[in-house]
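In: Need a 3D model of the following:
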Amino acid sequence: ALTLALAPRLGSEFLPKLDEGNIWLTITLAPSSSLEQTKRIEGQVRAVMMSYPEVGNVITQVGRPDDGTDPKGPNNLEVLAELKPRNDWRFESKEKMVADMSARIRRLPGVPTNFSQVIQDNVEEAMSGVKGEIAVKIFGPDLDVLTQKSEQVAAILNGIRGAADVA
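Out: Okay, here's the model as predicted:
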């Protein structure tokens, strides 16, 4: 009973990093992006992902799910890339392959990336309420101040060696 009572206080730093055999890429374009523009970007991102022999299959979703349970708009793009067995890879690690993919996709103007894995992404979102491995939440009543502070935090985080996909 004591162990169960303390379990919620452990935090996620004790969760092991597992390789799920996939890449889950979320891209959130500018809120003003049209469905047609997002579909065009989807085709470009799909082409980049499929150009890797390590990738077996790519499944994409643009906008929100059909059941309407997710509040995402037409500017949202989600990509699931299933990976082939490691003995077929050119890269020595998944991290190096993801870094290479990220660099190629970021060449597309206005396309921010957030690489994860399916289960890892769901667990992190359930724990913090946002998508991403590390989340900084800023609260307050003034949207202008919140915007300014979030830009300052993003600038600081982008200056940290090893930081990636800061948004």
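
In: shaky segments in this structure?
Out: For the chain, residues meeting the criterion pLDDT under 70 lie at 6-17, 65-71, 117-133.

In: and the residue most central in space within it, what are its bridge partners?
Out: Per CA atoms, centre = their mean, the C-alpha nearest to the average position across the chain is that of residue 114, at 2.6 Å. Beta-bridge partners of residue 114, counted by DSSP bridges, are residue 26.

In: thinking residue 89 is in contact with residue 96, fair?
Out: No: with contact defined as CB atoms under 8 Å, residue 89 does not reach residue 96; the gap is 9.5 Å. C-beta: built from backbone N, CA, C; applies to glycine.

In: of these two, who's got more company?
Out: More crowded of residue 89 and residue 96, by other CB atoms under 10 Å: residue 89, with 16 against 12.

In: Nearest residue to that one in space, please, no chain neighbours.
Out: residue 54 (4.8 Å; CB to CB, 6 or more residues apart in numbering).

In: so how many other residues sit close to the one you found?
Out: The number of residues near residue 54, taken as other CB under 10 Å, comes to 18.

In: ok, now the one 4 residues further on?
Out: When neighbours are counted by other CB under 10 Å, residue 58 registers 18.

In: Next, the contact list for it, please.
Out: Residue 58 is in contact with 46, 49-50, 79-82, counting by CB atoms under 8 Å, 6 or more residues apart in numbering.
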